[in-house]
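Enquirer: A structural model of the following input is requested.
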Amino acid sequence: MTVQADGAGPLWTSAAIAAATGGIASADFDANGVAFDSREVGSGDLFVALSGEATDGHRFVAQAFAQGAAGALVSQPVDGPHVLVSDTTAALDLLAHAARARTTGRIIGVTGSVGKTGTKEALFAALDRVSFGQAHRSVKSYNNHTGVPLSLARMRATTRAAVLEMGMNHAGELSRLTRLVRPDIAIITTIAPAHTEFFTGEDAIARAKGEIFEGLTPGGVAIVPFDSPHRDTLIAAATPFAGRIVTFGLREGADVRAIEHVRLSSGDSFVTARLGEREVSYTLAQPGDHWVANSLAVIAAIDAIGGDLGVAGLALADLDGLAGRGARRRIAVGDGEALIIDESYNANPASMRATLKVLAAETAGRRVAVLGEMRELGDSSDAYHAALAVPIDEAGVSRAILVGQGMLPLAKALEGRVETVHVPDAAAAARVLSDLLLPGDAVLVKGSNGVGLARVVADLWGQN
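Expert: Residues are numbered from 1 along each chain as shown. You can find the predicted model right below:
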(Lines give C-alpha, C1' and ligand atoms only; values in the text may rest on other atoms or scores of the structure.)
Protein backbone atom coordinates (compact mmCIF):
# COMPACT_ATOMS: atom_id res chain seq x y z
CA MET A 1 0.00 0.00 0.00
CA THR A 2 1.77 3.11 -1.21
CA VAL A 3 2.20 6.09 1.08
CA GLN A 4 2.84 9.34 -0.76
CA ALA A 5 6.14 11.00 -0.09
CA ASP A 6 4.44 14.42 0.43
CA GLY A 7 7.73 16.25 -0.16
CA ALA A 8 9.37 14.95 3.02
CA GLY A 9 11.70 12.40 1.42
CA PRO A 10 11.19 8.65 1.23
CA LEU A 11 9.39 6.69 3.92
CA TRP A 12 12.39 4.36 4.17
CA THR A 13 15.78 4.16 2.50
CA SER A 14 17.47 0.81 2.13
CA ALA A 15 20.19 2.03 4.51
CA ALA A 16 17.58 2.94 7.16
CA ILE A 17 15.84 -0.43 6.75
CA ALA A 18 19.16 -2.25 7.14
CA ALA A 19 20.09 -0.19 10.20
CA ALA A 20 16.71 -0.81 11.84
CA THR A 21 16.61 -4.54 11.17
CA GLY A 22 20.30 -5.48 11.35
CA GLY A 23 20.05 -6.62 7.74
CA ILE A 24 22.29 -6.28 4.70
CA ALA A 25 21.16 -4.19 1.72
CA SER A 26 21.95 -5.59 -1.72
CA ALA A 27 21.54 -2.17 -3.36
CA ASP A 28 20.39 1.35 -2.63
CA PHE A 29 16.65 1.97 -2.96
CA ASP A 30 13.94 4.22 -1.53
CA ALA A 31 10.54 2.99 -0.43
CA ASN A 32 7.41 5.10 0.04
CA GLY A 33 5.15 2.33 1.34
CA VAL A 34 5.26 -1.05 3.07
CA ALA A 35 3.18 -4.16 2.33
CA PHE A 36 3.29 -7.84 3.21
CA ASP A 37 0.36 -8.87 1.03
CA SER A 38 1.60 -9.11 -2.54
CA ARG A 39 -1.87 -8.20 -3.79
CA GLU A 40 -1.54 -4.79 -2.11
CA VAL A 41 1.93 -3.93 -3.40
CA GLY A 42 2.08 -0.65 -5.30
CA SER A 43 4.76 1.30 -7.09
CA GLY A 44 7.60 2.26 -4.75
CA ASP A 45 6.66 -0.11 -1.91
CA LEU A 46 8.84 -2.25 0.31
CA PHE A 47 7.54 -5.83 0.13
CA VAL A 48 8.03 -7.78 3.36
CA ALA A 49 8.20 -11.51 2.58
CA LEU A 50 6.69 -13.03 5.72
CA SER A 51 6.87 -16.79 6.21
CA GLY A 52 3.80 -18.32 7.81
CA GLU A 53 2.10 -21.64 8.30
CA ALA A 54 -0.07 -21.27 5.21
CA THR A 55 2.38 -19.77 2.73
CA ASP A 56 5.82 -18.21 2.28
CA GLY A 57 5.98 -14.63 1.07
CA HIS A 58 9.22 -15.33 -0.76
CA ARG A 59 7.11 -17.10 -3.40
CA PHE A 60 5.62 -13.74 -4.31
CA VAL A 61 8.73 -11.55 -4.45
CA ALA A 62 8.87 -11.64 -8.25
CA GLN A 63 5.19 -10.67 -8.41
CA ALA A 64 5.83 -7.79 -6.00
CA PHE A 65 8.64 -6.46 -8.19
CA ALA A 66 6.44 -6.85 -11.28
CA GLN A 67 3.86 -4.65 -9.53
CA GLY A 68 6.45 -1.94 -8.92
CA ALA A 69 7.99 -2.74 -5.53
CA ALA A 70 11.12 -0.70 -4.91
CA GLY A 71 12.70 -3.40 -2.75
CA ALA A 72 12.03 -6.41 -0.58
CA LEU A 73 12.73 -7.44 2.99
CA VAL A 74 13.69 -11.12 2.79
CA SER A 75 15.37 -13.94 4.68
CA GLN A 76 16.88 -15.49 1.55
CA PRO A 77 18.62 -13.84 -1.42
CA VAL A 78 16.33 -12.86 -4.30
CA ASP A 79 16.65 -11.16 -7.65
CA GLY A 80 16.09 -7.44 -7.23
CA PRO A 81 16.97 -4.84 -4.59
CA HIS A 82 16.50 -6.24 -1.10
CA VAL A 83 17.52 -6.18 2.53
CA LEU A 84 18.52 -9.62 3.79
CA VAL A 85 17.65 -10.53 7.40
CA SER A 86 17.52 -13.77 9.34
CA ASP A 87 13.79 -13.54 10.19
CA THR A 88 11.38 -11.25 8.32
CA THR A 89 8.70 -11.32 11.03
CA ALA A 90 11.20 -10.18 13.65
CA ALA A 91 12.57 -7.64 11.16
CA LEU A 92 9.12 -6.14 10.65
CA ASP A 93 8.86 -5.65 14.43
CA LEU A 94 12.25 -3.95 14.43
CA LEU A 95 11.18 -1.68 11.57
CA ALA A 96 8.08 -0.80 13.59
CA HIS A 97 10.24 0.01 16.63
CA ALA A 98 12.37 2.30 14.48
CA ALA A 99 9.32 4.05 13.05
CA ARG A 100 7.96 4.66 16.53
CA ALA A 101 11.31 5.89 17.82
CA ARG A 102 11.87 8.45 15.08
CA THR A 103 8.53 10.30 15.39
CA THR A 104 7.76 13.05 17.87
CA GLY A 105 4.06 12.90 17.03
CA ARG A 106 1.41 11.97 19.58
CA ILE A 107 0.32 8.34 19.36
CA ILE A 108 -3.13 7.09 20.35
CA GLY A 109 -3.88 3.39 20.82
CA VAL A 110 -7.42 2.02 20.65
CA THR A 111 -8.87 -1.32 21.71
CA GLY A 112 -12.23 -2.68 22.84
CA SER A 113 -14.67 -5.48 22.21
CA VAL A 114 -16.93 -3.22 20.15
CA GLY A 115 -16.31 -0.01 18.25
CA LYS A 116 -12.53 0.09 18.04
CA THR A 117 -12.31 0.37 14.24
CA GLY A 118 -15.06 2.97 14.02
CA THR A 119 -13.51 4.97 16.85
CA LYS A 120 -10.10 4.69 15.18
CA GLU A 121 -11.51 6.04 11.92
CA ALA A 122 -13.35 8.87 13.69
CA LEU A 123 -10.18 9.75 15.58
CA PHE A 124 -8.16 9.77 12.38
CA ALA A 125 -10.65 12.12 10.75
CA ALA A 126 -10.36 14.48 13.72
CA LEU A 127 -6.58 14.13 14.00
CA ASP A 128 -6.12 14.76 10.28
CA ARG A 129 -7.91 18.07 10.65
CA VAL A 130 -6.19 19.24 13.81
CA SER A 131 -2.75 18.19 12.47
CA PHE A 132 -3.30 19.80 9.05
CA GLY A 133 -3.02 16.54 7.14
CA GLN A 134 -0.07 15.11 9.07
CA ALA A 135 -1.97 12.24 10.71
CA HIS A 136 -1.54 8.49 10.32
CA ARG A 137 -3.67 5.44 11.09
CA SER A 138 -3.75 1.71 10.77
CA VAL A 139 -5.82 0.76 7.75
CA LYS A 140 -8.61 -1.80 7.55
CA SER A 141 -8.54 -3.86 10.75
CA TYR A 142 -4.80 -4.39 10.81
CA ASN A 143 -4.72 -4.85 14.57
CA ASN A 144 -2.88 -8.12 15.27
CA HIS A 145 0.72 -9.31 15.68
CA THR A 146 1.54 -8.54 12.03
CA GLY A 147 -0.96 -5.77 11.30
CA VAL A 148 0.19 -3.49 14.13
CA PRO A 149 3.90 -3.53 13.20
CA LEU A 150 2.95 -3.05 9.55
CA SER A 151 0.88 0.00 10.50
CA LEU A 152 3.78 1.43 12.48
CA ALA A 153 6.25 0.74 9.68
CA ARG A 154 4.05 2.78 7.36
CA MET A 155 4.20 5.82 9.68
CA ARG A 156 6.32 8.71 8.41
CA ALA A 157 8.89 10.43 10.60
CA THR A 158 7.01 13.73 10.09
CA THR A 159 3.73 12.36 11.48
CA ARG A 160 2.24 14.76 14.02
CA ALA A 161 -0.47 12.41 15.32
CA ALA A 162 -1.36 8.77 14.78
CA VAL A 163 -4.03 6.34 15.89
CA LEU A 164 -3.32 2.61 15.99
CA GLU A 165 -5.93 -0.08 16.54
CA MET A 166 -4.99 -3.10 18.65
CA GLY A 167 -6.99 -6.29 18.95
CA MET A 168 -6.69 -9.55 20.84
CA ASN A 169 -8.38 -12.88 21.39
CA HIS A 170 -6.05 -14.25 24.08
CA ALA A 171 -4.61 -12.81 27.27
CA GLY A 172 -1.10 -11.39 26.81
CA GLU A 173 -1.52 -10.31 23.17
CA LEU A 174 -2.25 -6.67 23.91
CA SER A 175 0.64 -6.51 26.34
CA ARG A 176 3.03 -7.22 23.47
CA LEU A 177 1.31 -4.95 20.95
CA THR A 178 1.06 -1.92 23.23
CA ARG A 179 4.76 -2.11 24.09
CA LEU A 180 5.41 -1.89 20.36
CA VAL A 181 3.05 1.05 19.84
CA ARG A 182 3.95 2.87 23.10
CA PRO A 183 0.83 5.08 22.99
CA ASP A 184 0.73 8.48 24.63
CA ILE A 185 -3.01 7.97 24.99
CA ALA A 186 -4.76 4.59 25.28
CA ILE A 187 -8.50 4.15 24.79
CA ILE A 188 -10.78 1.25 25.63
CA THR A 189 -14.14 1.62 23.89
CA THR A 190 -16.42 -1.13 25.24
CA ILE A 191 -16.09 -4.46 27.03
CA ALA A 192 -18.53 -7.08 25.76
CA PRO A 193 -18.73 -10.82 25.12
CA ALA A 194 -16.32 -11.49 22.24
CA HIS A 195 -13.86 -14.36 21.77
CA THR A 196 -15.44 -15.78 24.92
CA GLU A 197 -14.32 -19.29 24.06
CA PHE A 198 -10.84 -18.12 25.06
CA PHE A 199 -11.87 -16.42 28.33
CA THR A 200 -13.61 -17.41 31.54
CA GLY A 201 -15.94 -14.39 31.46
CA GLU A 202 -16.27 -10.68 30.75
CA ASP A 203 -14.07 -9.70 33.67
CA ALA A 204 -11.24 -11.75 32.16
CA ILE A 205 -11.83 -9.95 28.85
CA ALA A 206 -11.67 -6.61 30.68
CA ARG A 207 -8.37 -7.53 32.31
CA ALA A 208 -6.94 -8.58 28.95
CA LYS A 209 -8.11 -5.34 27.32
CA GLY A 210 -6.57 -3.44 30.23
CA GLU A 211 -3.16 -4.63 29.06
CA ILE A 212 -3.20 -1.74 26.57
CA PHE A 213 -2.23 0.61 29.40
CA GLU A 214 1.02 -1.26 30.05
CA GLY A 215 2.65 0.43 27.04
CA LEU A 216 1.73 4.01 27.91
CA THR A 217 4.56 6.51 27.68
CA PRO A 218 5.47 8.27 30.97
CA GLY A 219 2.63 10.59 31.94
CA GLY A 220 0.34 8.99 29.37
CA VAL A 221 -3.45 9.25 29.47
CA ALA A 222 -5.82 6.29 29.89
CA ILE A 223 -9.34 6.81 28.53
CA VAL A 224 -11.90 4.45 30.05
CA PRO A 225 -15.67 3.89 29.49
CA PHE A 226 -17.44 5.22 32.59
CA ASP A 227 -20.71 3.41 31.91
CA SER A 228 -19.06 -0.01 31.71
CA PRO A 229 -19.71 -2.47 34.55
CA HIS A 230 -15.97 -3.18 34.27
CA ARG A 231 -14.95 0.44 34.83
CA ASP A 232 -13.23 -0.26 38.14
CA THR A 233 -11.30 -3.20 36.65
CA LEU A 234 -10.10 -0.98 33.81
CA ILE A 235 -9.17 1.88 36.13
CA ALA A 236 -7.21 -0.57 38.29
CA ALA A 237 -5.39 -1.81 35.19
CA ALA A 238 -4.54 1.76 34.14
CA THR A 239 -3.48 3.13 37.53
CA PRO A 240 0.10 1.71 37.62
CA PHE A 241 0.91 3.02 34.13
CA ALA A 242 -1.12 6.19 33.45
CA GLY A 243 -0.26 9.71 34.46
CA ARG A 244 -3.94 10.56 34.19
CA ILE A 245 -7.18 8.58 33.81
CA VAL A 246 -10.13 10.12 31.96
CA THR A 247 -13.58 8.53 31.84
CA PHE A 248 -16.20 9.07 29.15
CA GLY A 249 -19.86 8.15 28.98
CA LEU A 250 -23.50 9.12 29.10
CA ARG A 251 -23.98 8.96 32.86
CA GLU A 252 -23.45 11.53 35.58
CA GLY A 253 -19.90 11.32 36.92
CA ALA A 254 -18.02 10.75 33.66
CA ASP A 255 -15.16 13.21 33.04
CA VAL A 256 -16.32 13.63 29.44
CA ARG A 257 -20.10 13.28 29.42
CA ALA A 258 -22.91 13.79 26.92
CA ILE A 259 -25.28 16.10 28.75
CA GLU A 260 -27.55 16.15 25.70
CA HIS A 261 -27.85 14.03 22.60
CA VAL A 262 -30.80 14.12 20.25
CA ARG A 263 -31.46 12.45 16.92
CA LEU A 264 -32.11 14.98 14.16
CA SER A 265 -34.59 14.52 11.31
CA SER A 266 -31.59 13.99 9.01
CA GLY A 267 -30.63 10.92 11.03
CA ASP A 268 -27.59 12.66 12.53
CA SER A 269 -27.20 13.18 16.26
CA PHE A 270 -26.64 16.52 17.95
CA VAL A 271 -24.41 16.12 20.99
CA THR A 272 -23.44 18.50 23.75
CA ALA A 273 -20.55 17.20 25.84
CA ARG A 274 -19.19 18.54 29.09
CA LEU A 275 -15.48 18.36 29.94
CA GLY A 276 -15.05 19.74 33.44
CA GLU A 277 -16.21 23.36 33.23
CA ARG A 278 -16.20 23.40 29.43
CA GLU A 279 -18.87 22.39 26.95
CA VAL A 280 -18.63 21.51 23.28
CA SER A 281 -21.52 20.88 20.88
CA TYR A 282 -21.22 19.00 17.61
CA THR A 283 -23.19 17.08 15.04
CA LEU A 284 -22.43 13.38 14.72
CA ALA A 285 -23.07 11.87 11.31
CA GLN A 286 -23.35 8.30 12.63
CA PRO A 287 -26.61 7.35 14.40
CA GLY A 288 -26.98 5.42 17.64
CA ASP A 289 -26.12 5.75 21.32
CA HIS A 290 -23.03 3.59 20.78
CA TRP A 291 -21.70 6.18 18.34
CA VAL A 292 -22.44 8.96 20.81
CA ALA A 293 -20.24 7.09 23.30
CA ASN A 294 -17.54 6.56 20.65
CA SER A 295 -17.57 10.27 19.85
CA LEU A 296 -17.02 11.12 23.53
CA ALA A 297 -13.89 8.94 23.50
CA VAL A 298 -12.74 10.87 20.43
CA ILE A 299 -13.39 14.22 22.13
CA ALA A 300 -11.52 13.02 25.24
CA ALA A 301 -8.50 11.99 23.16
CA ILE A 302 -8.38 15.19 21.12
CA ASP A 303 -8.59 17.18 24.35
CA ALA A 304 -5.78 15.08 25.85
CA ILE A 305 -3.42 16.02 23.01
CA GLY A 306 -4.44 19.68 23.23
CA GLY A 307 -6.27 19.65 19.89
CA ASP A 308 -9.03 22.02 18.79
CA LEU A 309 -12.33 20.47 19.87
CA GLY A 310 -14.32 22.60 17.43
CA VAL A 311 -12.29 21.29 14.51
CA ALA A 312 -12.71 17.74 15.83
CA GLY A 313 -16.47 18.30 15.96
CA LEU A 314 -16.47 19.29 12.28
CA ALA A 315 -14.75 16.01 11.45
CA LEU A 316 -17.40 14.03 13.35
CA ALA A 317 -20.11 15.81 11.38
CA ASP A 318 -18.52 14.78 8.09
CA LEU A 319 -17.78 11.18 9.08
CA ASP A 320 -19.10 8.69 6.55
CA GLY A 321 -20.20 5.19 7.43
CA LEU A 322 -17.55 2.53 6.94
CA ALA A 323 -18.09 -0.46 4.70
CA GLY A 324 -19.25 -3.27 6.97
CA ARG A 325 -19.50 -0.91 9.93
CA GLY A 326 -22.48 1.34 9.41
CA ALA A 327 -22.31 2.38 5.76
CA ARG A 328 -25.75 3.25 4.40
CA ARG A 329 -27.18 3.30 0.94
CA ARG A 330 -30.63 3.63 -0.54
CA ILE A 331 -31.24 1.25 -3.40
CA ALA A 332 -33.97 1.17 -6.01
CA VAL A 333 -36.72 -1.37 -5.28
CA GLY A 334 -39.75 -1.47 -7.55
CA ASP A 335 -41.13 2.06 -7.80
CA GLY A 336 -39.35 3.21 -4.64
CA GLU A 337 -36.28 2.71 -2.48
CA ALA A 338 -35.08 0.63 0.44
CA LEU A 339 -32.41 1.58 2.97
CA ILE A 340 -29.54 -0.89 3.46
CA ILE A 341 -27.47 -0.55 6.66
CA ASP A 342 -24.19 -2.43 6.23
CA GLU A 343 -22.91 -3.82 9.54
CA SER A 344 -21.63 -7.01 7.93
CA TYR A 345 -18.04 -6.94 9.14
CA ASN A 346 -18.44 -8.34 12.65
CA ALA A 347 -20.89 -9.11 15.42
CA ASN A 348 -21.12 -9.89 19.10
CA PRO A 349 -24.07 -9.59 21.50
CA ALA A 350 -23.36 -5.96 22.42
CA SER A 351 -22.93 -4.74 18.85
CA MET A 352 -26.03 -6.65 17.75
CA ARG A 353 -28.11 -4.87 20.39
CA ALA A 354 -26.63 -1.49 19.51
CA THR A 355 -27.29 -1.77 15.77
CA LEU A 356 -30.79 -3.15 16.31
CA LYS A 357 -31.49 0.06 18.28
CA VAL A 358 -30.28 2.01 15.25
CA LEU A 359 -32.67 0.04 13.04
CA ALA A 360 -35.49 0.73 15.52
CA ALA A 361 -35.01 4.49 15.04
CA GLU A 362 -35.53 4.28 11.27
CA THR A 363 -38.85 5.38 9.86
CA ALA A 364 -39.71 2.57 7.49
CA GLY A 365 -42.55 0.58 6.04
CA ARG A 366 -40.92 -2.57 7.43
CA ARG A 367 -37.77 -3.20 9.41
CA VAL A 368 -35.89 -6.23 8.12
CA ALA A 369 -32.94 -7.83 9.92
CA VAL A 370 -30.49 -10.10 8.11
CA LEU A 371 -28.45 -11.49 11.00
CA GLY A 372 -25.53 -13.90 10.75
CA GLU A 373 -24.35 -16.08 13.58
CA MET A 374 -21.96 -14.66 16.17
CA ARG A 375 -18.80 -16.72 16.42
CA GLU A 376 -16.22 -17.44 19.15
CA LEU A 377 -18.79 -17.25 21.96
CA GLY A 378 -17.90 -20.63 23.47
CA ASP A 379 -20.31 -22.61 25.65
CA SER A 380 -22.67 -19.64 26.04
CA SER A 381 -23.22 -19.27 22.30
CA ASP A 382 -26.77 -20.68 22.25
CA ALA A 383 -27.88 -18.45 25.12
CA TYR A 384 -26.34 -15.33 23.57
CA HIS A 385 -28.07 -16.01 20.25
CA ALA A 386 -31.47 -16.76 21.80
CA ALA A 387 -31.27 -13.56 23.88
CA LEU A 388 -31.32 -11.46 20.71
CA ALA A 389 -35.06 -12.12 20.49
CA VAL A 390 -35.67 -9.29 22.97
CA PRO A 391 -33.85 -6.49 21.08
CA ILE A 392 -35.36 -7.77 17.82
CA ASP A 393 -38.83 -7.38 19.35
CA GLU A 394 -37.92 -3.95 20.73
CA ALA A 395 -36.67 -2.84 17.31
CA GLY A 396 -40.01 -3.63 15.71
CA VAL A 397 -38.45 -6.06 13.22
CA SER A 398 -41.16 -7.56 11.03
CA ARG A 399 -38.95 -9.90 8.98
CA ALA A 400 -35.80 -11.70 10.17
CA ILE A 401 -33.44 -13.69 7.97
CA LEU A 402 -31.12 -15.69 10.21
CA VAL A 403 -27.93 -17.11 8.73
CA GLY A 404 -25.87 -20.05 9.96
CA GLN A 405 -26.24 -22.98 12.32
CA GLY A 406 -25.47 -20.81 15.33
CA MET A 407 -28.69 -18.86 14.71
CA LEU A 408 -30.93 -21.88 15.32
CA PRO A 409 -31.57 -20.98 19.02
CA LEU A 410 -32.71 -17.50 17.95
CA ALA A 411 -34.95 -18.95 15.24
CA LYS A 412 -36.65 -21.05 17.91
CA ALA A 413 -36.95 -18.09 20.28
CA LEU A 414 -38.66 -16.01 17.58
CA GLU A 415 -41.27 -18.62 16.68
CA GLY A 416 -44.71 -17.03 16.78
CA ARG A 417 -43.22 -13.57 17.39
CA VAL A 418 -41.49 -12.46 14.19
CA GLU A 419 -41.74 -13.82 10.65
CA THR A 420 -38.42 -15.64 10.37
CA VAL A 421 -36.46 -17.52 7.73
CA HIS A 422 -33.44 -19.57 8.82
CA VAL A 423 -30.91 -20.24 6.04
CA PRO A 424 -27.52 -21.99 5.99
CA ASP A 425 -25.35 -19.36 4.31
CA ALA A 426 -25.01 -15.87 2.86
CA ALA A 427 -25.91 -16.95 -0.68
CA ALA A 428 -29.26 -18.30 0.53
CA ALA A 429 -29.83 -15.13 2.57
CA ALA A 430 -29.25 -13.00 -0.52
CA ARG A 431 -31.85 -14.98 -2.47
CA VAL A 432 -34.45 -14.71 0.31
CA LEU A 433 -33.85 -11.00 0.79
CA SER A 434 -34.10 -10.33 -2.93
CA ASP A 435 -37.49 -12.02 -3.03
CA LEU A 436 -39.02 -10.24 -0.03
CA LEU A 437 -37.53 -6.72 -0.35
CA LEU A 438 -40.15 -4.00 -0.79
CA PRO A 439 -40.05 -0.22 -1.31
CA GLY A 440 -39.83 1.57 2.03
CA ASP A 441 -37.96 -1.24 3.81
CA ALA A 442 -35.06 -0.54 6.15
CA VAL A 443 -32.68 -3.49 6.19
CA LEU A 444 -29.95 -4.19 8.72
CA VAL A 445 -27.27 -6.68 7.59
CA LYS A 446 -25.03 -7.85 10.43
CA GLY A 447 -23.05 -10.94 11.41
CA SER A 448 -19.59 -12.26 12.15
CA ASN A 449 -17.24 -11.61 9.25
CA GLY A 450 -16.76 -15.31 8.53
CA VAL A 451 -20.45 -15.66 7.68
CA GLY A 452 -19.81 -13.59 4.56
CA LEU A 453 -22.77 -11.22 4.70
CA ALA A 454 -20.68 -8.57 2.95
CA ARG A 455 -21.55 -10.36 -0.28
CA VAL A 456 -25.27 -9.80 0.45
CA VAL A 457 -24.61 -6.07 0.66
CA ALA A 458 -22.35 -6.14 -2.41
CA ASP A 459 -25.04 -7.91 -4.42
CA LEU A 460 -27.66 -5.34 -3.44
CA TRP A 461 -25.43 -2.35 -4.07
CA GLY A 462 -24.06 -3.80 -7.29
CA GLN A 463 -27.53 -3.95 -8.76
CA ASN A 464 -27.99 -0.19 -8.33
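
Enquirer: only C-alpha atoms for contact and neighbour calcs from this point on.
Expert: OK.

Enquirer: low pLDDT regions in the stretch 101-250 of the chain?
Expert: The model of the stretch 101-250 of the chain has pLDDT under 70 over residues 193-200.

Enquirer: burial measure for the nearest residue to S131 once chain neighbours are set aside, as a count.
Expert: Spatial nearest neighbour of S131, chain neighbours left out: R160 (6.2 Å); criterion: CA to CA, 6 or more residues apart in numbering. Residues lying near R160 (other CA atoms under 10 Å) number 20.

Enquirer: next up, phi/psi of R160, please.
Expert: Here is the backbone geometry of R160 (degrees, to the nearest 10): phi -90, psi -30.

Enquirer: from what I can see it touches V130, true?
Expert: No: R160 lies out of contact with V130 (CA atoms under 8 Å); the separation is 9.5 Å.

Enquirer: check contacts around the residue nearest to S131.
Expert: R160 makes contact with T103, T104, G105, R106, S131, Q134, A135, according to CA atoms under 8 Å, 6 or more residues apart in numbering.

Enquirer: burial count for the first one?
Expert: Summarising burial for T103: neighbours were counted as other CA under 10 Å, giving 16.

Enquirer: from S344, how far out is the nearest residue to L437 once chain neighbours are set aside?
Expert: In space, and not counting its chain neighbours, L437 is closest to V333: 7.3 Å by CA to CA, 6+ apart. Applying CA to CA, to the nearest Å, one obtains 21 Å for the distance of V333 from S344.

Enquirer: between those two, who's got more neighbours?
Expert: Summary of the neighbour comparison: V333 and S344, criterion other CA under 10 Å, with S344 having more neighbours (28 against 16).

Enquirer: kindly state the pLDDT recorded for that one?
Expert: The predicted local distance difference test score for S344 is 91.

Enquirer: same question, Q4
Expert: At Q4, the predicted lDDT confidence score is 40.

Enquirer: quick one: the helices in the stretch 51-200 of the chain?
Expert: Along the stretch 51-200 of the chain, the stretches classed as helices by DSSP state H, counting those that start in this stretch are 61-66, 88-102, 116-130, 147-153, 173-181.

Enquirer: and the fourth one, how far out from the chain's middle?
Expert: Between the mean C-alpha location of helix 147-153 and the chain-wide mean there is a distance of 14 Å, by CA atoms, centre = their mean, to the nearest Å.

Enquirer: quick check: H230 touching A192?
Expert: No: with contacts defined as CA under 8 Å, H230 does not count as touching A192, sitting 9.7 Å away.

Enquirer: list the contacts of the nearest residue to R244 once chain neighbours are set aside.
Expert: Spatially, and ignoring its direct neighbours in sequence, R244 is nearest to V221 (4.9 Å; CA to CA, 6+ apart). Neighbouring residues of V221 by CA under 8 Å, 6+ apart: D184, I185, A186, A242, G243, R244, I245, V246, A304.

Enquirer: did I read that right, A293 in a strand?
Expert: No: counting by DSSP: H, G, I helix; E, B strand; the rest coil, A293 falls outside a strand, being helix.

Enquirer: that one and G249 touch, don't they?
Expert: Yes: checked against CA under 8 Å, the pair A293 and G249 is within contact range at 5.8 Å.

Enquirer: this structure - how does it break down into domains?
Expert: As recorded under automatic domain parsing, the domains making up the chain are 12-91, 103-317, 327-462.
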